[in-house]
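S.K.: how would this look folded up:
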Amino acid sequence: MKQQKLVRDIHRDFGYFYVGLIISFAFSGILMNHREHWHPEKYTIETKNIKVQLPEESQITEEFAENLGKQLGIDDKIRRHNVKKGTFKISFEKHDVEIDMKTGKGEIVAFKKTPIISQTMKLHKTTSNWWIYYSDIFGISLILIAITGTLMVTHGKNTFKKRGWKLAVAGIIFPILVLIILS
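M.R.: Just a heads-up that it's a prediction; the model follows:
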């Protein structure tokens with residue numbers, strides 16, 4: 001009985017400690033899942049049509065992209081550039097530029113970070129050492145919460161040994177099947 005109380009106490013306290021982070025990760029994870037359909041991190045504040053003369057695709061370099069950005073009045077840091085399906089795209093910190101390679105017509109989209117959502121999504125993207133270690137501790141704690149949760153109910157028809165293990169195995173198999181089907 002003493003051991004079961006200890007398991008419940010550990011499960012409860014870790015659950016309480018991480019509830020805010022669990023909600024934040026879940027919320028930002030949902031947003032990240034749908035980031036190709038909309039840009040939850042940023043919202044448009046201005047769109048401007050442009051027409052420029054572009055060189056051959058083989059001459060488009062990072063330096064060219066940076067210089068074009070400056071000519072277009074964009075002074076924030078360049079993130080990346082590419083030519084895909086006949087469209088030249090440049091991504092800056094606060095602007096996106098898309099230009100049709102044949103016509104030279106395109107647009108500049110200026111945007112700002114969406115408050116709170118942008119910061120929450122950084123949880124999934126950051127690579128700083130302290131956050132990686134904290135995330136590792138969080139992952140280990142989630143495992144601990146899961147294990148202590150399986151040990152809490154020891155009597156009756158709904159124990160982990162009688163019923164819960166089947167659901168746990170299904171919970172492991174389901175995402176594996178989805179990954180196999182989607183790949």
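S.K.: what's around residue 141, how many residues?
M.R.: 17 (other Cβ atoms under 10 Å). From N, CA and C alone the C-beta is placed, and that goes for glycine too.
S.K.: quick check: mean pLDDT of the strand or helix carrying it?
M.R.: Element membership for residue 141 (DSSP states H and E) is helix 129-152. The average pLDDT for helix 129-152 rounds to 84.
S.K.: identify each buried residue in that helix, please.
M.R.: Across helix 129-152, burial judged by 16 or more other Cβ atoms under 10 Å covers 138, 141, 142, 145, 148, 150, 151.
S.K.: same deal with stretch 88-95?
M.R.: The neighbour-count check on stretch 88-95 (16+ other Cβ under 10 Å) flags 88, 89, 90, 92, 95 as buried.
S.K.: contacting residues for the second one?
M.R.: Going back to what we said before, that points to residue 89. Residues near residue 89 by Cβ atoms under 8 Å, 6 or more residues apart in numbering: 81, 82, 83, 96, 97, 98, 99.
S.K.: dump those to CSV, plus secondary structure, neighbour count and distance to residue 60.
M.R.: Converted to CSV, these look like this (DSSP: H, G, I helix; E, B strand; the rest coil; neighbours: other Cβ atoms under 10 Å; distance: Cβ to Cβ, whole Å):
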residue, secondary structure, neighbour count, distance to residue 60
81, strand, 19, 7
82, strand, 11, 9
83, strand, 14, 6
96, strand, 19, 16
97, strand, 23, 12
98, strand, 15, 13
99, strand, 23, 10
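S.K.: quick one: residues in contact with stretch 64-71.
M.R.: The contact list for stretch 64-71 (Cβ under 8 Å, 6+ apart) reads 52, 55, 75, 78, 81, 90, 92, 95, 97.
S.K.: what do you get for stretch 132-144?
M.R.: Residues outside stretch 132-144 that contact it (Cβ under 8 Å, 6+ apart): 10, 14, 17, 18, 21, 22.
S.K.: from those residues, which shows the smallest pLDDT?
M.R.: Ranked by pLDDT, the contacts of stretch 132-144 bottom out at residue 21, which has 74.
S.K.: quick one: that one from residue 10, how far?
M.R.: 17 Å (Cβ to Cβ, to the nearest Å).
S.K.: flag every buried residue along stretch 71-79.
M.R.: Neighbour-count burial for stretch 71-79 [16+ other Cβ under 10 Å]: 72, 74, 78.
S.K.: you'd agree the last one is up against residue 94?
M.R.: Spelled out, that is residue 78. No - in this structure, residue 78 is not within contact of residue 94 by Cβ atoms under 8 Å, at 11.1 Å.
S.K.: what angle do the worst-scoring helix or strand of the chain on mean pLDDT and helix 129-152 make?
M.R.: For the chain, using mean pLDDT, DSSP states H and E, the weakest element among its helices and strands is helix 117-125, scoring a mean of 71. For helix 117-125 against helix 129-152, the angle by axes from the mean of the first three to the mean of the last three Cα atoms, to 10 degrees is 80 degrees.
S.K.: great, nothing more from me.
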